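Student: sequence first, then the predicted structure:
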Amino acid sequence: MMAFDELAAGCSAPRLLHDLRRLRVAVFHPQDRDSEELLLQLRRIGCQVQAFWPPSMTLPDSVDLVFLAVHPNVELPDWAKQREPGGPVIIAVVMYENPTIIEAVLTLGVESVITSPVKAFGLLATIVVARQIKHQRTLLLKQNQKLENKLSGMRQVLEAKMILMDAKRISEEEAYKLMREQAMVRRVTVEQIARTIVDVHKILPLNSG
């Protein structure tokens with residue numbers, strides 16, 4: 001097996017490999033040959049590794065990467081079943097490929113899977129790819145949230161314009177101009193002004209006339 005230093009020296013992305021050395025890893029796996037091999041290779045890479053079994057109900061602080069053995073008779077912890085967007089990368093370790101195990105892996109939405117018997121070859125690539133998938137997922141979630149916020153703001157601006165048009169008997173253009181002027185005076189966004197108008201209108205409707 002090529003030594004980690006040799007791999008890092010010949011890699012086109014040494015920064016990524018350097019980051020691997022600083023990874024804080026939690027391994028939730030029974031004590032057997034698979035766990036021994038996994039821990040050995042992770043330490044050879046340079047990761048800071050902690051081993052546990054059975055899976056604890058809470059994660060250790062500041063964990064970047066988790067290897068989680070998925071067994072049919074072992075309940076998965078809540079942190080794995082109800083994953084937070086900012087949580088660690090999870091790689092499932094499976095011994096069987098039956099429908100129950102596959103369903104559990106799909107439910108967890110893990111970033112990658114390794115199978116028993118655990119082998120040194122491919123482990124580094126699996127970690128790198130899993131981290132990249134997690135990174136892409138995080139970016140997509142942020143972009144999706146940004147789009148949702150933008151759409152929500154647009155809906156509130158439209159609703160605020162309708163409220164002003166009805167209350168002040170003005171055109172849509174005039175209503176938007178009024179909101180924009182108020183936003184400039186208060187040094188806030190038009191969306192914030194619109195949100196205020198909508199919220200106030202819910203409490204005290206602005207009647208026309």
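Tutor: Looks like it came in fine.
Student: pLDDT score for the spatially most central residue of the chain?
Tutor: For the chain, residue 85 is the residue whose C-alpha lies nearest the centre (CA atoms, centre = their mean; 2.8 Å). At residue 85 the predicted local confidence, pLDDT, stands at 75.
Student: kindly list the longest helix within this protein.
Tutor: In the chain, taking DSSP state H as the definition, the longest helix is helix 123-168.
Student: for it, name the packing helices and strands.
Tutor: Using 3 or more CB pairs under 8 Å, 6 or more residues apart in numbering; DSSP states H and E as the contact test, the elements touching helix 123-168 are helix 14-20, helix 33-45, strand 65-70, strand 89-94, strand 112-115, helix 172-186, helix 190-203. Backbone N, C-alpha and C define where each C-beta goes, glycine included.
Student: residue 136: which of those is closest?
Tutor: With distances scored as CB to CB, the stretch of the helices and strands packed on helix 123-168 nearest to residue 136 is strand 89-94 (11.6 Å).
Student: any low-confidence regions in the protein?
Tutor: 1-18, 206-209 (pLDDT under 70).
Student: what's the domain layout of it?
Tutor: The chain is divided into the following domains under automatic domain parsing: 4-135, 148-203.
Student: residue 25 should be in a strand, yeah?
Tutor: Yes: counting by DSSP: H, G, I helix; E, B strand; the rest coil, residue 25 is found in a strand.
Student: tell me how far it lies from residue 80.
Tutor: Relative to residue 80, residue 25 is positioned 15 Å away (criterion: CB to CB, to the nearest Å).
Student: can you check residue 192 too?
Tutor: As judged by CB to CB, residue 192 and residue 80 stand 38 Å apart.
Student: which one of those two has more residues nearby?
Tutor: residue 80 (22 against 16; other CB atoms under 10 Å).
Student: give me the secondary structure label for the more buried one.
Tutor: For residue 80, the reduced secondary structure class is helix; criterion used: three-state DSSP.
Student: surely residue 113 touches residue 94?
Tutor: Yes: shown here, residue 113 and residue 94 form a contact pair, counting by CB atoms under 8 Å, at 6.1 Å.
Student: any shared contact partners between the two?
Tutor: Counting by CB atoms under 8 Å, 6 or more residues apart in numbering, the shared contacts of residue 113 and residue 94 are residue 105.
Student: skip the chain neighbours and tell me the closest residue to residue 68.
Tutor: Across the structure, with CB to CB, 6 or more residues apart in numbering as the measure, the residue nearest residue 68 apart from its sequence neighbours is residue 28 (4.9 Å).
Student: which ones are touching the one you found?
Tutor: 52-56, 66-69.
Student: give me every residue that touches residue 174.
Tutor: Residues in contact with residue 174, defined by CB under 8 Å, 6+ apart, are 165, 168.
Student: ok, how many other residues are close to residue 156?
Tutor: Neighbouring residues of residue 156 were enumerated by other CB under 10 Å; the total is 20.
Student: ok, now residue 92?
Tutor: Neighbour count of residue 92, defined by other CB under 10 Å: 22.
Student: could you do the one 4 residues further on as well?
Tutor: Under the neighbour criterion other CB under 10 Å, residue 96 is assigned a count of 13.
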